[in-house]
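Participant: make a model of this:
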Amino acid sequence: MVSQRFLRDLGARLRALREERGRALSDVAREAEVSRRYLTEAEAGRANPSVLVLSRLAGALGVPVARLVDFPVRRAGERVALVGLRGAGKSSLGRRVARELEVPFVEL
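Facilitator: As a prediction, this is how the structure comes out:
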(Lines give C-alpha, C1' and ligand atoms only; values in the text may rest on other atoms or scores of the structure.)
Protein backbone atom coordinates (compact mmCIF):
# COMPACT_ATOMS: atom_id res chain seq x y z
CA MET A 1 0.00 0.00 0.00
CA VAL A 2 2.62 2.53 1.06
CA SER A 3 4.94 1.53 -1.80
CA GLN A 4 2.14 2.02 -4.35
CA ARG A 5 1.42 5.45 -2.93
CA PHE A 6 5.11 6.33 -3.12
CA LEU A 7 5.25 5.31 -6.78
CA ARG A 8 2.11 7.36 -7.55
CA ASP A 9 3.61 10.39 -5.80
CA LEU A 10 6.92 9.92 -7.61
CA GLY A 11 5.13 9.68 -10.95
CA ALA A 12 3.12 12.82 -10.26
CA ARG A 13 6.30 14.66 -9.33
CA LEU A 14 8.08 13.48 -12.50
CA ARG A 15 5.18 14.65 -14.65
CA ALA A 16 4.86 17.99 -12.83
CA LEU A 17 8.58 18.75 -13.15
CA ARG A 18 8.60 17.80 -16.82
CA GLU A 19 5.56 19.97 -17.54
CA GLU A 20 6.92 22.92 -15.49
CA ARG A 21 9.98 22.86 -17.71
CA GLY A 22 7.90 22.58 -20.89
CA ARG A 23 9.69 19.38 -21.89
CA ALA A 24 8.17 16.75 -24.15
CA LEU A 25 7.94 13.25 -22.74
CA SER A 26 9.93 11.80 -25.63
CA ASP A 27 12.76 14.35 -25.15
CA VAL A 28 13.12 13.59 -21.43
CA ALA A 29 12.97 9.85 -22.10
CA ARG A 30 15.66 10.06 -24.75
CA GLU A 31 17.94 12.20 -22.55
CA ALA A 32 17.43 9.85 -19.57
CA GLU A 33 18.07 6.83 -21.80
CA VAL A 34 14.71 5.19 -21.08
CA SER A 35 11.92 4.36 -23.48
CA ARG A 36 9.01 6.72 -23.92
CA ARG A 37 6.75 3.90 -22.73
CA TYR A 38 8.80 3.47 -19.54
CA LEU A 39 8.59 7.17 -18.71
CA THR A 40 4.84 7.08 -19.36
CA GLU A 41 4.54 4.15 -16.94
CA ALA A 42 6.75 5.93 -14.36
CA GLU A 43 4.66 9.10 -14.56
CA ALA A 44 1.53 6.99 -14.05
CA GLY A 45 3.04 5.38 -10.92
CA ARG A 46 3.20 1.93 -12.51
CA ALA A 47 7.00 1.66 -12.86
CA ASN A 48 9.53 1.20 -10.06
CA PRO A 49 12.65 3.02 -11.31
CA SER A 50 16.06 1.94 -10.06
CA VAL A 51 18.35 4.44 -8.39
CA LEU A 52 20.34 4.71 -11.62
CA VAL A 53 17.22 5.44 -13.66
CA LEU A 54 16.12 8.03 -11.07
CA SER A 55 19.54 9.64 -11.39
CA ARG A 56 19.23 9.84 -15.17
CA LEU A 57 15.67 11.19 -14.96
CA ALA A 58 16.75 13.83 -12.44
CA GLY A 59 19.62 14.83 -14.72
CA ALA A 60 17.30 15.09 -17.71
CA LEU A 61 14.95 17.30 -15.68
CA GLY A 62 17.79 19.38 -14.22
CA VAL A 63 17.02 18.63 -10.57
CA PRO A 64 18.82 16.73 -7.80
CA VAL A 65 17.63 13.15 -7.24
CA ALA A 66 16.46 14.19 -3.77
CA ARG A 67 13.88 16.49 -5.39
CA LEU A 68 12.24 13.45 -6.98
CA VAL A 69 12.02 11.30 -3.87
CA ASP A 70 11.75 13.69 -0.91
CA PHE A 71 8.34 12.74 0.47
CA PRO A 72 7.09 12.62 4.06
CA VAL A 73 7.81 9.29 5.74
CA ARG A 74 4.79 7.11 6.30
CA ARG A 75 5.16 4.34 8.83
CA ALA A 76 3.08 1.21 8.45
CA GLY A 77 1.75 -0.46 11.54
CA GLU A 78 1.36 2.58 13.75
CA ARG A 79 -1.95 3.16 15.43
CA VAL A 80 -4.04 6.23 15.86
CA ALA A 81 -6.39 6.48 18.82
CA LEU A 82 -9.24 8.95 18.90
CA VAL A 83 -10.71 9.53 22.33
CA GLY A 84 -13.77 11.65 22.97
CA LEU A 85 -17.44 11.80 23.77
CA ARG A 86 -20.06 9.74 21.99
CA GLY A 87 -21.33 11.54 18.91
CA ALA A 88 -18.21 13.71 18.57
CA GLY A 89 -17.37 12.38 15.09
CA LYS A 90 -14.60 9.93 15.95
CA SER A 91 -15.91 7.27 13.54
CA SER A 92 -16.14 9.64 10.58
CA LEU A 93 -12.79 11.23 11.30
CA GLY A 94 -11.18 7.85 12.05
CA ARG A 95 -12.19 6.48 8.64
CA ARG A 96 -10.75 9.52 6.87
CA VAL A 97 -7.49 9.41 8.85
CA ALA A 98 -7.10 5.67 8.23
CA ARG A 99 -7.73 6.10 4.51
CA GLU A 100 -5.18 8.93 4.30
CA LEU A 101 -2.56 6.94 6.23
CA GLU A 102 -3.44 3.79 4.27
CA VAL A 103 -4.01 1.73 7.40
CA PRO A 104 -7.05 -0.32 8.42
CA PHE A 105 -9.73 1.39 10.47
CA VAL A 106 -10.86 -0.50 13.55
CA GLU A 107 -13.67 0.85 15.66
CA LEU A 108 -13.81 -0.38 19.26
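Participant: top helix in this structure by residue count?
Facilitator: In terms of residue count, the longest helix belonging to the chain (DSSP state H) is helix 2-20.
Participant: mind listing what's buried in that helix?
Facilitator: Residues Leu7, Leu10, Gly11, Arg13, Leu14, Arg15, Leu17, Arg18 are the ones in helix 2-20 that count as buried (16 or more other Cβ atoms under 10 Å). For every residue, glycine as well, the C-beta is placed using N, CA and C.
Participant: pretty sure Val69 sits against Leu10.
Facilitator: Yes: counting by Cβ atoms under 8 Å, Val69 touches Leu10, with 6.6 Å between them.
Participant: one step back: what helices and strands are in contact with the next helix-or-strand element following the longest helix of the chain?
Facilitator: Moving toward the C-terminus from helix 2-20, the next helix or strand (DSSP states H and E) is helix 25-32. Applying 3 or more Cβ pairs under 8 Å, 6 or more residues apart in numbering; DSSP states H and E, we find helix 25-32 packed against helix 36-43, helix 51-61.
Participant: which one of the buried residues of helix 2-20 is nearest Leu57?
Facilitator: Nearest to Leu57 out of those is Leu14 (Cβ to Cβ; 6.5 Å).
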